[in-house]
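S.K.: need coordinates for the following:
(one chain, ligands or ions: 1)
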Amino acid sequence: DSKDYDSETESVCPFCGVGCKVSLKVKDGKVKYVEGINGPANEGRLCVKGRFGFDYIHHPHRLTKPLIRREDAPAKGLNVDPGNLGTHFREATWEEAMDLAATKLKTLRDEDPRNVAGFGSAKCTNEEAYLFQKFIRQGFRHNNVDHCTRLCHASSVAALIENVGSGAVTATFNEVENSDVVIIIGANPIENHPVAATYFKQFTKRGGKLIVMDPRGVGMRKFADEMLQFRPGADVSMLNAIMNVIVEEELYDSQYIHRWTENWEAEKEHLRAFTPEAMAPICGIEPAQLRRVARTFAQAKAGLIFWGMGVSQHIHGTDNSRCLISLALMTGNVGKPGAGLHPLRGQNNVQGASDAGLIPMFLPDYQSVMDDDIRAKFNNVWNSDDFSNEKGLTVTEIIDQAYAGNIKGMYIQGENPAMSDPDVGHAREALAKLELMIVQDIFLTETANYADIILPASALYEKNGTVSNTNRQVQRVRPAVTPPGEAREDWKITVELAQRIGLNWDYTDVSEVFAEMKLTMASLDNITWDRLETETITYPSLSETDPGQAIVFGDGFPRADGRARFTPASVIPPDEAPDEEYPMIATTGRQLEHWHTGSMTRRATVLDAVEPEANCSMNPRQLKLMGIEPGELIRLTTRRGSIEIMVRADRAIAEDMVFIPFAYVEAAANILTNSAIDPYGKIPEFKFSAIRVEKI
Ligand code: SF4
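M.R.: Residues are numbered from 1 along each chain as shown. Sure thing, here's the model as predicted:
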């Protein structure tokens with residue numbers, strides 16, 4: 001009787017990749033508050049986003065009816081007032097909107113199936129991601145489907161698949177309880193994975209040695225034994241120098257290398273040139289510290305390496321990850337308690353969406369689209385004709401082809417490329433050129449401004465399905481409330497659209513999608529819908545009673561010969577060097593209160609109240625030199641464009657750097673960023689743009 005809510009539902013936080021389990025307390029059909037519950041990733045804990053960032057789902061801007069662009073609407077642009085859609089869009093019935101969407105998709109397909117491409121979403125469930133990639137592959141016979149992994153960890157996944165045979169983490173972050181040394185590089189978990197950071201802090205409190213490497217003096221430095229604030233873009237020179245010490249001082253694990261790896265001799269010879277003395281001027285770290293760190297990590301009983309987008313978002317992002325993999329392999333730090341490789345995932349379900357095949361080169365479970373037998377297996381399950389054996393186009397390639405007029409229609413589910421893509425002015429022009437843009441989302445995002453048809457969808461707390469976190473842990477999400485108005489669950493929208501373009505889909509429950517996924521995804525072996533009712537299961541799970549394997553590859557790697565590979569990496573400079581016109585370096589990222597493009601957190605009352613204004617950060621000494629007071633507006637300009645933004649002083653930022661969060665449309669960081677990409681992971685260089693700072 002003392003309860004202050006009508007019902008409670010267990011689900012998973014919709015924001016970062018930690019995957020905290022939550023209990024949603026509902027009163028009068030609305031989520032009233034959120035509590036952390038005992039999931040393996042959070043043990044009851046939540047950060048400020050999880051605890052207070054939920055009420056965006058009840059925001060008056062929620063889309064509640066299908067919308068169709070008016071024939072007399074103004075030219076497409078970032079020009080729609082969310083409070084007054086009527087100038088641009090008119091409300092439609094689902095019947096009319098779906099009929100129009102399907103008819104236009106079929107017309108474009110009849111001309112050329114490659115007219116149409118799709119962006120799915122890491123904010124949706126595994127089942128929704130699976131259906132979305134199937135929609136493009138079965139419906140249009142090609143692989144031009146991708147999602148935000150291309151913008152965050154595509155290079156990490158490329159290096160992991162190449163060298164250890166699997167794109168997922170080799171150890172959960174909870175394994176730090178068995179580590180004695182941990183490296184965190186290019187990641188800011190205190191702001192971006194706050195609950196994971198609590199485990200890292202506990203690790204240091206019980207005496208574990210923490211080594212933090214980052215061009216920014218990120219928050220974890222306060223807990224670190226070693227802080228290596230290296231020059232932006234100099235990751236490979238620093239990591240190769242550390243590995244050079246391990247080679248020269250013979251600190252490597254010969255037994256492990258001999259038993260489980262290949263290409264060691266080539267790696268060893270390659271590293272000889274990268275002495276600490278030769279690399280110190282490039283990476284900005286003293287040789288003595290490089291040596292100390294090398295010895296500490298090599299002599300650890302168990303060492304774990306975590307990395308984030310500071311590593312991955314470079315034109316040499318794959319090389320950065322190759323170095324981290326080599327460091328773990330040469331010291332025998334994979335496949336045992338407390339040891340491993342862990343790229344920290346940024347979005348709630350980016351791991352699961354990637355596993356479910358929402359990427360252009362891989363079908364579910366990273367099975368190659370180029371393999372005839374694999375495609376035959378999928379076509380058999382899908383009762384479908386064959387589709388292309390060519391790797392599809394990635395996010396930035398699809399945008400370029402839209403700009404060139406070769407892609408004419410897009411189906412975009414829950415992604416916001418008009419904010420998230422590099423050189424976003426170019427991306428917005430490309431979106432404006434599309435003949436058909438179908439956007440399925442919960443808000444009129446910046447991307448939906450360019451849409452022809454908008455389909456109102458569901459937030460995570462309105463969904464039924466599964467998600468997979470950074471730890472490979474599969475968890476159920478459940479609807480606590482119903483979508484507002486006529487909005488629908490995303491999977492139901494995709495199923496109806498598939499049926500209307502002629503596909504043989506007859507799912508009536510999302511559990512049927514999960515059952516189909518199990519037919520082609522060995523990672524889901526022993527993971528059943530029934531078990532997920534009550535359990536979180538880490539894949540791989542070896543039996544129907546196994547909660548799953550926190551550590552993998554203790555008995556070999558999923559590569560042809562069971563061995564991991566060393567792939568040497570050389571120093572490649574960033575794509576654009578600072579010069580007289582653009583003398584400083586811009587880097588972008590997230591901040592504690594705002595998540596990604598801000599479409600959700602800027603509509604969450606508490607989070608928006610705490611951090612309401614677009615801001616960037618610079619070193620106070622540099623601000624003083626330039627005669628700029630903290631709190632003033634400054635102008636930031638790169639070769640792509642210019643923004644005006646309030647600046648804060650932050651001693652953790654190097655004097656030649658500017659840090660810009662990318663959540664703010666009024667000062668969109670990606671107007672500035674460089675679209676040059678890593679040749680392997682095809683990830684853009686968000687972390688390094690030459691920039692000019694001006695006092696206004
Ligand atoms: Fe949500 Fe991540 Fe915060 Fe957990 S740490 S509450 S998953 S944002």
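S.K.: okay, now the residue of the stretch 501-650 of the chain found nearest the ligand: neighbour count?
M.R.: When distances are taken as Cβ to the nearest ligand atom, the stretch 501-650 of the chain reaches nearest to the ligand at Trp595, 7.0 Å away. All C-beta spots, glycine's among them, are computed from the backbone N, C-alpha and C. Residues lying near Trp595 (other Cβ atoms under 10 Å) number 25.
S.K.: what sits against it?
M.R.: 15-16, 49, 53, 601, 663 (Cβ atoms under 8 Å, 6 or more residues apart in numbering).
S.K.: and the spatially closest residue to Glu267 that is not a sequence neighbour, what does it touch?
M.R.: In this structure, Glu267 finds its nearest non-sequential neighbour in Phe566, 3.6 Å apart by Cβ to Cβ, 6 or more residues apart in numbering. Contact analysis of Phe566 by Cβ under 8 Å, 6+ apart lists 163, 261-264, 266-267, 325-326, 329-330.
S.K.: please redo it, this time with the cut-off set to 7 Å
M.R.: 261, 263-264, 266-267, 326, 329 (Cβ atoms under 7 Å, 6 or more residues apart in numbering).
S.K.: now swap in Glu10 and tell me
M.R.: Residues near Glu10 by Cβ under 7 Å, 6+ apart: 21, 23, 37, 478.
S.K.: which single one of those is nearest to the ligand?
M.R.: Comparing the contacts of Glu10 against the ligand with Cβ to the nearest ligand atom places Lys21 closest, at 8.9 Å.
S.K.: in the stretch 451-600 of the chain, which spans are strands?
M.R.: Counting by DSSP state E, counting those that start in this stretch, one finds strands in the stretch 451-600 of the chain at the ranges 453-456, 465-468, 473-477, 537-538, 564-565, 584-589.
S.K.: can you name the residue of this protein nearest to the ligand?
M.R.: Closest to the ligand within the chain is Gly50: 2.3 Å, counting by Cβ to the nearest ligand atom.
S.K.: excluding chain neighbours, what is closest to that residue?
M.R.: Residue nearest to Gly50 in three dimensions, not counting chain neighbours: Cys13, with 4.1 Å by Cβ to Cβ, 6+ apart.
S.K.: alpha carbons of the longest helix along the chain, as PDB, please.
M.R.: Of all the segments assigned as helix in the chain under DSSP state H, the longest by residue count is helix 94-111. The C-alpha trace of helix 94-111 is given here as PDB (Å, rounded to 0.1, in the frame of the first residue of the first chain):
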ATOM      1  CA  TRP A  94      -0.500   4.300 -41.200                       C
ATOM      2  CA  GLU A  95      -2.200   2.800 -44.200                       C
ATOM      3  CA  GLU A  96      -1.400   5.900 -46.400                       C
ATOM      4  CA  ALA A  97       2.200   6.300 -45.100                       C
ATOM      5  CA  MET A  98       3.100   2.600 -45.500                       C
ATOM      6  CA  ASP A  99       1.400   2.400 -48.900                       C
ATOM      7  CA  LEU A 100       3.400   5.400 -50.100                       C
ATOM      8  CA  ALA A 101       6.700   4.200 -48.600                       C
ATOM      9  CA  ALA A 102       6.300   0.700 -50.100                       C
ATOM     10  CA  THR A 103       5.200   2.000 -53.500                       C
ATOM     11  CA  LYS A 104       8.100   4.400 -53.700                       C
ATOM     12  CA  LEU A 105      10.600   1.800 -52.500                       C
ATOM     13  CA  LYS A 106       9.300  -0.700 -55.200                       C
ATOM     14  CA  THR A 107       9.600   2.000 -57.900                       C
ATOM     15  CA  LEU A 108      13.200   2.700 -57.000                       C
ATOM     16  CA  ARG A 109      13.900  -1.000 -56.800                       C
ATOM     17  CA  ASP A 110      12.400  -1.700 -60.200                       C
ATOM     18  CA  GLU A 111      14.800   0.900 -61.700                       C
END
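S.K.: what comes into contact with it?
M.R.: Identification of contacts with helix 94-111 by Cβ under 7 Å, 6+ apart yields 66, 68, 115-116, 140, 408-409, 436, 438, 453, 455, 486, 496-497, 500-501.
S.K.: so which helix or strand of the chain has the lowest pLDDT on average?
M.R.: Least confident helix or strand, the chain: helix 149-152 with a mean of 87, by mean pLDDT, DSSP states H and E.
S.K.: for this protein, what lies in contact range of the ligand?
M.R.: Proximity of the chain to the ligand (Cβ under 6 Å from any ligand atom) is limited to residues 13, 15-16, 18-20, 42, 46-47, 49-50, 193-195.
S.K.: could you rerun that using 8 Å?
M.R.: Contact residues (Cβ under 8 Å from any ligand atom) of the chain with the ligand: 12-20, 22, 36, 41-42, 45-51, 53, 193-196, 348, 469, 595.
S.K.: in strands, which of the residues you listed appear?
M.R.: Per DSSP state E, strands hold the following members of the residues of the chain next to the ligand: 12, 22, 36.
S.K.: need the pLDDT of the last one.
M.R.: Okay, so that is Gly36. The per-residue pLDDT reported for Gly36 equals 98.
S.K.: measure how buried it is and give me the count.
M.R.: Counted by other Cβ under 10 Å, the residues lying close to Gly36 total 19.
S.K.: ok, it - contacts?
M.R.: With Cβ under 7 Å, 6+ apart, Gly36 has these contacts: 20, 22, 42, 44-46, 50.
S.K.: take these and write them to TSV, including neighbour count and pLDDT.
M.R.: Output for the contacts of Gly36, formatted as TSV (neighbours: other Cβ atoms under 10 Å; pLDDT from 0 to 100):
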residue	neighbour count	pLDDT
Cys20	28	98
Val22	26	98
Asn42	24	97
Gly44	13	97
Arg45	20	98
Leu46	21	98
Gly50	24	97
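S.K.: which one of those is nearest to Glu533?
M.R.: Distances from Glu533 to those, taken as Cβ to Cβ, are shortest for Val22 (16.7 Å).
S.K.: quick check: the closest one touching Ser11?
M.R.: Yes: with contact defined as Cβ atoms under 7 Å, Val22 reaches Ser11; the gap is 5.7 Å.
S.K.: is it true that Ile671 touches Thr638?
M.R.: No: with contact defined as Cβ under 7 Å, Ile671 does not reach Thr638; the gap is 8.2 Å.
S.K.: inside helices: which ones of the residues of the chain next to the ligand?
M.R.: The helices, defined by DSSP H, take in 48-51, 194-196 from the residues of the chain next to the ligand.
S.K.: helix/strand/coil for Phe443?
M.R.: Three-state call for Phe443 (DSSP: H, G, I helix; E, B strand; the rest coil): coil.
S.K.: that one: neighbour count?
M.R.: Neighbours of Phe443 under the rule other Cβ under 10 Å: 21.
S.K.: quick one, phi psi at it?
M.R.: phi -130, psi 160 (degrees, to the nearest 10).
S.K.: my read is that it contacts Leu63, right?
M.R.: Yes: the pair Phe443 / Leu63 is scored as a contact, 6.4 Å apart, by Cβ under 7 Å.
S.K.: surely Val145 meets Gly392?
M.R.: Yes: between Val145 and Gly392 there is a contact under Cβ under 7 Å: 6.1 Å.
S.K.: between the two, who's got more neighbours?
M.R.: Val145 (27 against 24).
S.K.: neighbours of the closest residue to that one other than its chain neighbours, how many?
M.R.: Nearest residue to Val145 in three dimensions, chain neighbours excluded: Ile136, at 4.0 Å (Cβ to Cβ, 6+ apart). If you count neighbours by other Cβ under 10 Å, Ile136 ends up with 25.
S.K.: which SSE is Ile136 in?
M.R.: For Ile136, the enclosing helix or strand under DSSP states H and E is helix 126-140.
S.K.: how far off centre is that helix?
M.R.: Here helix 126-140 is found 19 Å from its chain centre; the criterion is Cα atoms, centre = their mean, to the nearest Å.
S.K.: same question for that helix, mean pLDDT?
M.R.: Here helix 126-140 scores 98 as its mean pLDDT.
S.K.: okay, and for the chain, where does confidence drop off?
M.R.: The chain contains residues with pLDDT under 70 at 1.
S.K.: so what's the residue of the chain closest to the ligand up against?
M.R.: 13, 15, 20, 22, 34, 36.
S.K.: biggest separation within those, which pair?
M.R.: The most widely separated members of these, counting by Cβ to Cβ, are Phe15 and Gly36 (13.0 Å).
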